[in-house]
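> Got a sequence here, can you build the structure:
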Amino acid sequence: MPTRAPAVGVDNVYTTQIVDDLVEPIGITIRDLGKDDIKIIFWFIAKAEDGVDKVHGTQMATEDYESTFMDAQKAVEKLTFEGDRDIVRRALALVTTNKPGL
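Okay, the predicted model is just below:
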């Protein structure tokens with residue numbers, strides 16, 4: 001998919017290009033949790049293969065959540081915050097208009 005994140009060793013963020021195997025987030029949000037606390041969320045686009053088993057033991061102790069696969073539009077509707085829904089809508093637009101890169 002087109003990106004401004006350059007490939008390793010390339011110093012060019014001024015043009016979009018197709019780059020394989022990137023590990024950069026598509027977005028970062030900071031949520032104020034009050035009481036001098038924040039939550040930093042890094043947003044990534046990933047491709048999941050059919051039939052691959054979940055790898056257990058990969059979460060930190062503070063990451064007590066269960067991941068679930070579902071239809072992308074249903075996932076948008078389940079998100080609590082409009083800003084989160086907007087990021088996922090943009091990610092879906094990128095994926096659906098640039099499928100050859102995935």
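
> Ignoring the adjacent residues along the chain, who's closest to the most centrally placed residue in the chain?
Residue closest to the mean C-alpha point of the chain, counted by C-alpha atoms, centre = their mean, is Phe44 at 2.0 Å. Nearest residue to Phe44, sequence neighbours excluded (C-beta to C-beta, 6 or more residues apart in numbering): Pro25, at 5.3 Å. (C-beta placed from N, C-alpha, C; glycine too.)

> tell me which element the one you found falls in.
For Pro25, there is no helix or strand it lies in under DSSP states H and E.

> From Leu94, how far off is it?
Using C-beta to C-beta, to the nearest Å, Pro25 is found at 13 Å from Leu94.

> same question, Gly83
Going from Gly83 to Leu94 by C-beta to C-beta gives 17 Å.

> in this structure, which helix has the most residues?
helix 82-97 (DSSP state H).

> More neighbours: Pro25 and Leu94, which one.
Using other C-beta atoms under 10 Å as the criterion, Pro25 and Leu94 rank with Leu94 on top: 17 against 13.
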